[in-house]
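> Requesting a structural model of the entry that follows:
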Amino acid sequence: MGIVMYDVTAILGINGVLYLTLVKHVWAQNLSLLNTS
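Numbers count the residues shown, from 1 in each chain. Reported below is the predicted structural model:
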C-alpha cells in the first residue's frame, strides 16, 4: 500500500511539474503576442 501511494505521488509530482512548465510556456507566448500587437 505504501509503495502504491508513493508511486501515485511521484506520478502526480511529475505531471504537476510538466503542467506548470506548459502553463508558463503558454503564458510567456501570450505575453509576447500582446506586446507585439
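> and N30, how many neighbours?
Applying other C-beta atoms under 10 Å, we find 10 other residues in the vicinity of N30. Heads up, the C-betas are built off the backbone N, CA and C, glycines and all.
> scratch that, N15
Burial measure for N15: 10 neighbouring residues, criterion other C-beta under 10 Å.
> Make 18 the first number, not 1, from now on.
All right, first residue 18 from here; so that's N32.
> And the pLDDT at it?
Note on N32: pLDDT of 87.
> so what's the spatially most central residue of the chain up against?
The centroid of the chain falls nearest to Y36 when counting by C-alpha atoms, centre = their mean (1.7 Å). Listed by C-beta atoms under 8 Å, 6 or more residues apart in numbering, the contact set of Y36 is empty.
> swap the cut-off to 10 Å and go again
Residues in contact with Y36 (C-beta atoms under 10 Å, 6 or more residues apart in numbering) are L29.
> Report the secondary structure state of it.
What DSSP: H, G, I helix; E, B strand; the rest coil gives for Y36 is helix.
> Poorly predicted segments of this structure, please.
In the predicted model, the chain carries pLDDT under 70 at residues 18-20, 22, 54.
> quick one: the helices in it?
19-53 (DSSP state H).
> Next, count neighbours for G33.
Residues contacting G33 under the criterion other C-beta under 10 Å number 10.
> Roughly how far does the residue nearest to the centre of the chain sit from V25?
16 Å (C-beta to C-beta, to the nearest Å).
> Please apply the same query to N32.
Per C-beta to C-beta, N32 is found 11 Å from V25.
> again with L37
Distance, L37 to V25, using C-beta to C-beta: 18 Å.
> go on, V34?
Distance of V34 to V25, computed by C-beta to C-beta: 15 Å.
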